[in-house]
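# Fold the following for me, if possible:
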Amino acid sequence: MWDLLFFTGVFLSIGWVVGYVGYNAGGAFHLLLISAFIALLLCLRRSKAPGNR
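From the prediction side, this is the model:
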């Protein structure tokens with residue numbers, strides 16, 4: 001359950017930042033999307049390892 005809440009919080013935070021910054025700076029929008037995608041991949045990779053908590 002904590003993982004779902006954590007993911008929801010991260011997703012909403014990234015969405016807020018994208019909406020706030022991306023409106024004024026188009027380049028920052030792409031950087032945020034790339035960094036969020038990389039962070040998500042790292043999180044998924046770490047969670048697939050057995051015994052990781």
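# center of the chain, which residue is that?
Centroid-nearest residue in the chain: residue 36, 3.8 Å away (criterion: Cα atoms, centre = their mean).
# how about that one, what does it touch?
Counting by Cβ atoms under 8 Å, 6 or more residues apart in numbering, residue 36 touches residue 14. Where you see a C-beta, it was placed from the backbone N, CA and C, and this is true even at glycine.
# Now name the helix or strand holding it.
Using DSSP states H and E, residue 36 sits in helix 26-48.
# Restricting to C-alpha, output that helix in PDB.
The C-alpha coordinates for helix 26-48 follow below in PDB (Å, rounded to 0.1, in the frame of the first residue of the first chain):
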ATOM      1  CA  GLY A  26       9.300  24.600 -22.800                       C
ATOM      2  CA  GLY A  27      12.800  23.100 -22.400                       C
ATOM      3  CA  ALA A  28      12.300  22.400 -18.700                       C
ATOM      4  CA  PHE A  29       9.200  20.400 -19.500                       C
ATOM      5  CA  HIS A  30      11.200  17.900 -21.500                       C
ATOM      6  CA  LEU A  31      14.000  17.700 -18.900                       C
ATOM      7  CA  LEU A  32      11.400  16.900 -16.200                       C
ATOM      8  CA  LEU A  33       9.700  14.300 -18.300                       C
ATOM      9  CA  ILE A  34      13.000  12.600 -19.000                       C
ATOM     10  CA  SER A  35      14.100  12.700 -15.300                       C
ATOM     11  CA  ALA A  36      10.700  11.300 -14.200                       C
ATOM     12  CA  PHE A  37      10.900   8.500 -16.700                       C
ATOM     13  CA  ILE A  38      14.500   7.600 -15.500                       C
ATOM     14  CA  ALA A  39      13.400   7.700 -11.900                       C
ATOM     15  CA  LEU A  40      10.400   5.400 -12.600                       C
ATOM     16  CA  LEU A  41      12.600   2.900 -14.400                       C
ATOM     17  CA  LEU A  42      15.100   2.900 -11.500                       C
ATOM     18  CA  CYS A  43      12.300   2.400  -9.000                       C
ATOM     19  CA  LEU A  44      10.800  -0.500 -11.000                       C
ATOM     20  CA  ARG A  45      14.200  -2.100 -11.500                       C
ATOM     21  CA  ARG A  46      14.900  -2.000  -7.700                       C
ATOM     22  CA  SER A  47      11.500  -3.300  -6.800                       C
ATOM     23  CA  LYS A  48      11.900  -6.400  -9.000                       C
END
